[in-house]
Structure formats: structure tokens, C-alpha cells
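Novice: Let's see this in three dimensions:
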Amino acid sequence: MKIRALAQRDREKLYSMLVETQVFTREEIEVAMELIDIVIKDPNQEDYRIACMANDEDLAIGYVCYGPVPMTQGTFDLYWIVVDPRFQGQGVGSKLLRFLEEVVRERKGRMILIDTSSIPQYEKTQNFYFRHGFQEVARVPDYYHSGNDRITFCKRLEV
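Specialist: Sure, this is the predicted structure:
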């Protein structure tokens, strides 16, 4: 397995991953695909970056989408981290997260922020972030809809 830049050929596989996780809504998948298309269309843009974990056949089995937060010094957002359900629990997500931390450090970043949902489908995701040293730093009640809070996680990095 290796981590590499997103390629046009990955688009449909990433779409399938988003659907097959059975966690994301149709609207969330549309937003994820918008970001994938932005990166494919203009790989030189600076707002979003996508790295894929590829298997031995160079097929994407997971990806991470991230970018610097405008008007901050060294703050990055983790927008998406998705692993093909057939490869979940095998360390793919952890490797993608460590990759992101390395990239952020190389770019003199000092923290990574993640927003996620409080609904039960996202409990596994929340635990993943806790296990990797992220802390809940904010919660906005009923943000996404009634009963669905936005939870912001943060990990501070030593530069």
C-alpha cells in the first residue's frame, strides 16, 4: 500500500466508497464529490488537497481531503477521511491521518480541525478521532438539524 495524489481514474472508486460506507447522506456525498472534482479539475489550486491510499494494484482504498484554513497561521481543516468498507479496521484510516499530520507539520502547521456529526452513525468516527489524540473543542447543538450537533475536534501539533 502507498499514499499518492488523487488521479482522475480514482473518481468513480471514491464515489463508490462514499456510498458503500452507508454513513453519508446524498447531500454529503454530493459535497464530497464537488471537492474531488475541484482537485481533479485544478490540481494546482490551494484550497483542497486529496491523497489516496492505494493497494498493490494502485486502486484507491481510502482517501483524505484537507486544506489550510484561510486567514489563519498554521491551521488546517480535515474535510473528509473515507476508507473502503472492505479495508476498514486494517489501519488505512490511521495511515492517512498520520500522512496528513506529516504534511501539516511540513507546511509549518500547528493544528488540525475536524467537524463531524453527533448522530449515532458517526460514533465510530468520533472514537477514531479520540484514539488519534484529537479533543472535542466545540459543540453546536442542533447545527445540522434538530438533534444533530456539530462537533469540532482539534489536534495541536508540535512543530
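Novice: What is the least confident helix or strand in this structure?
Specialist: Per-element confidence for the chain was summarised using mean pLDDT, DSSP states H and E. The lowest value among helices and strands belongs to helix 123-131, with a mean of 93.
Novice: what's in contact with it?
Specialist: Contacts made with helix 123-131 from outside it, assessed by Cβ atoms under 8 Å, 6 or more residues apart in numbering, are listed as Val23, Gly93, Ile114, Thr116, Ile151, Phe153. C-beta: built from backbone N, CA, C; applies to glycine.
Novice: Tell me which two of those sit farthest apart.
Specialist: With Cβ to Cβ as the measure, no two of those lie farther apart than Gly93 and Ile151, at 17.6 Å.
Novice: contacting residues around stretch 84-95?
Specialist: 1, 3, 13, 16-17, 20-22, 53, 55, 60-62, 81, 83, 128, 132.
Novice: residue ranges of the helices in the chain, please?
Specialist: Taking DSSP state H as the criterion, the chain contains helices spanning 11-20, 26-41, 92-106, 123-131.
Novice: want to throw those helices into CSV with distance to Ala138 and mean neighbour count?
Specialist: Output for the helices of the chain, formatted as CSV (distance: least, Cβ to Cβ, whole Å; neighbours: other Cβ atoms under 10 Å):
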stretch, distance to Ala138, mean neighbour count
helix 11-20, 26, 16
helix 26-41, 20, 14
helix 92-106, 20, 17
helix 123-131, 13, 14
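Novice: Let's have those helices in JSON lines, adding distance to Pro141.
Specialist: Formatted as JSON lines, the entries for the helices of the chain read as follows, by distance: least, Cβ to Cβ, whole Å:
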{"stretch": "helix 11-20", "distance to Pro141": "27"}
{"stretch": "helix 26-41", "distance to Pro141": "20"}
{"stretch": "helix 92-106", "distance to Pro141": "27"}
{"stretch": "helix 123-131", "distance to Pro141": "16"}
